[in-house]
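> Test case, fold it:
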Amino acid sequence: MPLEGKPKLIFGSSMQALTHVARGRVRPQTERRLIELGLPLFTPASPTYPERDWVEAITLIAADLLPGAPAELQHRNLGAIAVGRIAEMFVGRAMIAATRILGVPRMLERTTNNLRAGANFIEARLTRLDETSWQLWISDVSGLPGFYAGLMEGGRRIVPGWIDEMRIISLDGASCTYVLNRRAPSRLA
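Presented below is the predicted three-dimensional model:
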């Protein structure tokens with residue numbers, strides 16, 4: 001978590017995934033606003049971005065991809081699409097390979113590290129509830145709990161045996177607690 005008085009920052013690799021999703025798929029006025037925010041649509045990513053710009057970018061892109069849907073569903077949809085784009089990047093390919101080696105439960109345990117790798121203000125705790133479910137607490141979801149749920153759920157298209165559902169069970173200020181479920185243990189368990 002940031003020290004008192006330090007800005008909340010999202011790291012460039014997180015913005016890069018949004019770039020891949022947005023490019024060519026959003027309205028021209030959305031694209032212009034994303035460029036004003038510094039989103040790397042046509043340029044290399046900056047090392048960091050203010051959290052408020054991240055939130056606005058997610059909100060704009062998600063609304064263009066799933067117009068008329070409730071905001072949480074829009075954000076969840078964008079999260080699922082973004083994880084697919086992350087999987088195409090070097091770091092994503094490495095995470096998929098690690099999951100195949102370590103298995104889904106052990107890779108889920110690493111989720112807390114992966115979340116911290118995307119921002120300077122996120123802490124997370126994962127607790128295994130039973131063979132097919134976990135509880136995940138994220139200290140600050142920037143008002144976008146559906147986006148984080150979509151990121152996790154999107155992995156099921158990429159990783160055999162990944163979680164099937166990430167349900168929000170409570171919001172407390174900036175933090176969110178989820179329950180993650182998968183139908184049955186996979187051969188990667």
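> tell me the domain ranges of the protein?
Domains of the chain are assigned by automatic domain parsing as 9-88, 103-181.
> can these go into TSV with extra columns for mean pLDDT and distance to residue 97?
C-beta: built from backbone N, CA, C; applies to glycine. As requested, those are exported to TSV (pLDDT from 0 to 100; distance: least, CB to CB, whole Å):
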stretch	mean pLDDT	distance to residue 97
domain 9-88	92	11
domain 103-181	91	10
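> will you turn these into CSV that also has mean neighbour count?
Converted to CSV, the domains of the chain look like this (neighbours: other CB atoms under 10 Å):
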stretch, mean neighbour count
domain 9-88, 18
domain 103-181, 18
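> from the chain's centre, how far out does the longest helix along the chain sit?
As assigned by DSSP state H, the longest helix anywhere in the chain is helix 71-88. A distance of 7 Å separates the centroid of the chain from that of helix 71-88, by CA atoms, centre = their mean, to the nearest Å.
> Mind giving me the packing neighbours of that helix?
Judged by 3 or more CB pairs under 8 Å, 6 or more residues apart in numbering; DSSP states H and E, the packing partners of helix 71-88 are helix 12-22, helix 51-65, helix 90-102, helix 145-154.
> With distance to residue 28 added, can I get these in CSV?
Shown next, in CSV, are the helices and strands packed on helix 71-88 (distance: least, CB to CB, whole Å):
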stretch, distance to residue 28
helix 12-22, 12
helix 51-65, 10
helix 90-102, 29
helix 145-154, 24
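> ok, back up a step: what angle sits between the longest helix of the chain and helix 51-65?
100 degrees (axes from the mean of the first three to the mean of the last three CA atoms, to 10 degrees).
> wait, which of the helices and strands packed on helix 71-88 is closest to residue 32?
helix 51-65 (10.4 Å; CB to CB).
> Quick check: the gap between residue 165 and residue 179.
From residue 165 across to residue 179, the span is 8 Å (CB to CB, to the nearest Å).
> With residue 172 instead?
Taking CB to CB, one finds residue 172 at 15 Å from residue 179.
> again with residue 148
13 Å.
> Return every residue with contacts to both of these two.
Common contacts of residue 148 and residue 179 (CB atoms under 8 Å, 6 or more residues apart in numbering): residue 166.
> Ramachandran angles for residue 127?
When read as degrees, to the nearest 10, the backbone of residue 127 gives phi -130, psi 130.
> Quick one: residues contacting it.
134, 135, 136.
> go on, residue 129?
Per CB under 8 Å, 6+ apart, neighbours of residue 129: 135, 179.
> how about 7 Å then?
residue 135 (CB atoms under 7 Å, 6 or more residues apart in numbering).
> same deal with residue 63?
residue 74.
> hmm, back to that, quick one, the longest helix of the chain and helix 12-22 angle?
Using the same axes, to 10 degrees, the inter-axis angle of helix 71-88 relative to helix 12-22 is 110 degrees.
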